[in-house]
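Engineer: could you look at this predicted model? Sequence included:
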Amino acid sequence: MAEEKLDTEIRREQIAEAALALVAARGVHRLSVAAVARRVGLVPSGIYRHFKSKDEILMAVLDLIESRLLANVQAARDEAADPLDRLRGVLFRHVRFIREGRTFPRIVFSDDAHSDDPKRKARVQRIAAAYLGKIAELVAEGQAAGCIRADLDPPTAALLFLGIVMPAAILWHLSDGGFDVTRHAERAWQVYRSAIAVKDA
């Protein structure tokens, strides 16, 4: 029974990964159960053993996006002790996340992804809130360590941090990858760091 449950979990993850790749390539509106089934080597009825509908698959895609965003924050924590270096690590992991696939901008900026489904819209909002919360924690830790200005409101600083990448993600998406989001992030990070860091930190 435990092995069967594990097989089901593995298959659900494979289906979510396939849907994630299809959304990145084609957008939400062109995602179909049949296309997901072809990508994982199943017939469409095999997908329905694990998910009741396309909506459920999209929710699994959102779960996958959230886990990757939060894993990026944890990886940046593990890699550096300095709060400013951790913030920089999160920023460039986010840039890599954008460049490796268009899923994040397609999901966040597409009406097809959530306008017709209040639950999915609320899920996207919760993902954004959780991610911003983790970034705000890094800012607060930097304040406690004396390297980030104490007069800053951490949630506001977190929102400004996300502002480095979100408009850039839109431009990258609209230009089919022509906009250099990495170069933008490198320059914007210097501006952001000087704005939040204690002088000589």
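Structural biologist: Perfect, thanks for sending it.
Engineer: next one, pLDDT for the residue nearest the centre of the chain please.
Structural biologist: With distances taken as CA atoms, centre = their mean, residue 69 lies nearest the centre of the chain, 4.3 Å away. On the pLDDT scale, residue 69 is placed at 91.
Engineer: got it, and the one 5 residues further on?
Structural biologist: You'll see residue 74 listed with a pLDDT of 97.
Engineer: may I have the phi/psi pair for it?
Structural biologist: phi -60, psi -40 (degrees, to the nearest 10).
Engineer: ok, now how distant is residue 43 from residue 49?
Structural biologist: Noted for residue 43: a distance of 10 Å to residue 49, by CB to CB, to the nearest Å. Just so you know, the C-beta spots here come from the backbone N, C-alpha and C atoms, and that holds for glycine as well.
Engineer: do residue 66 as well
Structural biologist: 24 Å.
Engineer: mind checking which of the two has more residues around it?
Structural biologist: residue 66 (17 against 12; other CB atoms under 10 Å).
Engineer: the more buried one contacts residue 130, doesn't it?
Structural biologist: Yes: counting by CB atoms under 8 Å, residue 66 does reach residue 130; the two are 6.6 Å apart.
Engineer: just give the nearest non-adjacent residue to residue 73, would you?
Structural biologist: Leaving aside its chain neighbours, residue 73 sits nearest to residue 134 (4.5 Å; criterion: CB to CB, 6 or more residues apart in numbering).
Engineer: didn't that neighbour look like it was pressed against residue 72?
Structural biologist: No: look at residue 134 against residue 72 with CB under 8 Å: they stay out of range, at 9.3 Å.
Engineer: show me where the protein has strands.
Structural biologist: Counting by DSSP state E, one finds no strands in the chain.
Engineer: show me where it dips below the pLDDT cut-off.
Structural biologist: 1-6, 101-116, 201 (pLDDT under 70).
Engineer: pull the longest helix from it.
Structural biologist: helix 118-145 (DSSP state H).
Engineer: tell me which residues of that helix are tucked away?
Structural biologist: 120, 123-124, 127-128, 131-132, 134-143 (16 or more other CB atoms under 10 Å).
Engineer: and the helices in the chain?
Structural biologist: 2-26, 33-40, 44-47, 54-79, 83-100, 103-109, 111-114, 118-145, 154-174, 181-196.
Engineer: so which elements touch the third one?
Structural biologist: Okay, so that is helix 44-47. helix 33-40 (3 or more CB pairs under 8 Å, 6 or more residues apart in numbering; DSSP states H and E).
Engineer: the helix it packs on to helix 2-26, inter-axis angle?
Structural biologist: 110 degrees (axes from the mean of the first three to the mean of the last three CA atoms, to 10 degrees).
Engineer: and helix 33-40, what other elements does it pack with?
Structural biologist: So helix 33-40, by 3+ CB pairs under 8 Å, 6+ apart, packs with helix 2-26, helix 44-47, helix 54-79.
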